[in-house]
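# Got a predicted structure here, sequence first:
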Amino acid sequence: MNSSVYYFSVDISYHIFQQHYAGVAANVVVTTDNGLTLQLPASRLRPYLSQLGVKGRFRLIVDENNRFTSLDKMV
């Protein structure tokens, strides 16, 4: 198995997340630390939604077909 790991930061307020990304099909576009633009379903970030919104550093792992494997918030 050959996976890829991407690191990026997110700073989306609670209001904006609810207003723009509440739909199941909505996607969030992020820029990784090395400048690559990625699009992922907003539902993948929902577990990290707090009263402040979605904020922090994340690690995305995808498989050799660029399919989602895991998303973790870095501490």
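That came through, no problem.

# What distance do you get for Arg57 to Asn27?
Going from Arg57 to Asn27 by CB to CB, to the nearest Å gives 20 Å. Where you see a C-beta, it was placed from the backbone N, CA and C, and this is true even at glycine.

# Gly56 too?
Taken as CB to CB, the span from Gly56 to Asn27 is 19 Å.

# So for the chain, the centremost residue is which one?
Among the residues of the chain, Leu45 comes closest to the average C-alpha position under CA atoms, centre = their mean, at 5.2 Å.

# Going by neighbour count, which residues in the helix or strand bottoming out on mean pLDDT in the chain are buried?
Every helix and strand in the chain was compared by mean pLDDT, DSSP states H and E; the lowest is helix 14-21, with a mean of 90. Neighbour-count burial for helix 14-21, counted by 16 or more other CB atoms under 10 Å, picks out 17, 21.

# and it, what other elements does it pack with?
On a contact count with 3 or more CB pairs under 8 Å, 6 or more residues apart in numbering; DSSP states H and E, helix 14-21 meets no helix or strand.

# from the middle of its chain, how far away would that helix be?
Between the centre of helix 14-21 and the centre of its chain there are 14 Å (CA atoms, centre = their mean, to the nearest Å).
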